[in-house]
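A.B. asks: below are the sequence and a predicted model for it; my questions follow.
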Amino acid sequence: MSIVNLPAIRACRPAWNKGRIVGQKRPLLPKHVWAIRVRLEIADNVRDLALFNLAIDSKLRGCDLVRLRVADIYAAGQVKDRTSIVQSKTQRPVRFEITEGTRRSLVAWLEDPMMTGSEYLWPGRFHERLHISTRQYARLVRGWVSSIGLEPSSYGTHSMRRTKVAQIYRKTGNLRAVQLLLGHTKMDSTVRYLGVELEDALAIAESIEI
């Protein structure tokens with residue numbers, strides 16, 4: 001009697017994204033930014049306020065934000081108005097502004113005892129970790145958005161990166177400016193990142209005469 005080799009039966013595993021909201025994370029609205037700032041100020045959370053403000057201003061990816069050194073933003077006894085870093089993903093420099101409110105919060109953080117002798121702007125809590133991890137940063141972002149009643153699954157670290165450029169695009173329609181601020185090498189990357197619809201892109205193109 002011949003033996004028929006039947007295909008192995010594997011247990012069905014639930015999809016990794018079951019019950020999760022995937023795709024681009026939403027940028028914060030101005031009212032959300034101010035609500036989070038107020039909560040952090042009331043809580044006297046100096047570190048988180050400085051991190052939140054610089055995340056909005058810098059528009060950096062989380063991996064670059066957590067690796068910032070004090071020397072990147074501080075020189076000659078004061079916080080810089082503008083600075084630049086080399087992005088870890090593209091190995092290309094990107095320049096960003098540091099607004100007055102962010103500079104004030106950074107000065108307060110740099111004077112904190114936790115910053116004594118630290119080379120990194122966001123030092124880790126353990127000796128073997130020089131700076132906070134991207135996972136820690138993501139947990140902080142979830143806490144910030146949850147504190148003002150937003151659904152944390154709809155927001156993430158890229159929400160911080162997209163917040164300011166989304167407002168710049170809405171107010172100016174200038175994709176090239178957004179591309180430079182994000183450090184993208186290709187315009188189509190910027191279009192996808194912002195979620196610009198085709199009609200928006202065509203309207204911009206039609207408004208420019210050559």
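C.D. replies: That came through, no problem. Numbers count the residues shown, from 1 in each chain.

A.B. asks: residue ranges with poor pLDDT in the chain?
C.D. replies: Counting by pLDDT under 70, the chain contains low-confidence ranges at 1-23, 126-128, 196-204.

A.B. asks: pull the distance from the lengthiest helix in it to the chain's centre.
C.D. replies: Within the chain, and with DSSP state H defining each element, the longest helix by residue count is helix 157-172. Averaging C-alpha coordinates over helix 157-172 and over its chain gives two centres that are 10 Å apart (Cα atoms, centre = their mean, to the nearest Å).

A.B. asks: what residues of that helix count as buried?
C.D. replies: By 16 or more other Cβ atoms under 10 Å, the buried positions in helix 157-172 come out as 157-169. C-beta here means a position set from N, CA and C on the backbone, and glycine is covered the same way.

A.B. asks: next, format those as JSON lines and append distance to Val66.
C.D. replies: Rendered in JSON lines, the data for the buried residues of helix 157-172 read as follows (distance: Cβ to Cβ, whole Å):
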{"residue": "Thr157", "distance to Val66": "10"}
{"residue": "His158", "distance to Val66": "14"}
{"residue": "Ser159", "distance to Val66": "16"}
{"residue": "Met160", "distance to Val66": "12"}
{"residue": "Arg161", "distance to Val66": "13"}
{"residue": "Arg162", "distance to Val66": "18"}
{"residue": "Thr163", "distance to Val66": "18"}
{"residue": "Lys164", "distance to Val66": "18"}
{"residue": "Val165", "distance to Val66": "20"}
{"residue": "Ala166", "distance to Val66": "22"}
{"residue": "Gln167", "distance to Val66": "24"}
{"residue": "Ile168", "distance to Val66": "24"}
{"residue": "Tyr169", "distance to Val66": "26"}
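
A.B. asks: and which of those residues is nearest to Glu111?
C.D. replies: Met160 (24.0 Å; Cβ to Cβ).

A.B. asks: what sits against the closest one?
C.D. replies: Remark: with contacts taken as Cβ atoms under 8 Å, 6 or more residues apart in numbering, Met160 is in contact with Leu28, Phe52, Ala55, Ile56, Gly62, Val141.

A.B. asks: just the C-alphas of the longest helix of the chain, formatted as PDB.
C.D. replies: As requested, the backbone C-alpha atoms of helix 157-172 are provided in PDB (Å, rounded to 0.1, in the frame of the first residue of the first chain):
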ATOM      1  CA  THR A 157       7.800  59.500  16.100                       C
ATOM      2  CA  HIS A 158       7.200  60.400  12.500                       C
ATOM      3  CA  SER A 159       4.300  62.600  13.600                       C
ATOM      4  CA  MET A 160       7.000  64.800  15.300                       C
ATOM      5  CA  ARG A 161       9.000  64.900  12.100                       C
ATOM      6  CA  ARG A 162       6.000  65.800  10.000                       C
ATOM      7  CA  THR A 163       4.300  68.300  12.200                       C
ATOM      8  CA  LYS A 164       6.100  71.500  11.200                       C
ATOM      9  CA  VAL A 165       6.600  70.700   7.600                       C
ATOM     10  CA  ALA A 166       2.900  69.800   7.200                       C
ATOM     11  CA  GLN A 167       2.100  73.400   8.400                       C
ATOM     12  CA  ILE A 168       4.700  74.900   6.100                       C
ATOM     13  CA  TYR A 169       3.200  73.000   3.100                       C
ATOM     14  CA  ARG A 170      -0.400  74.000   4.000                       C
ATOM     15  CA  LYS A 171       0.600  77.700   4.300                       C
ATOM     16  CA  THR A 172       3.000  78.000   1.300                       C
END
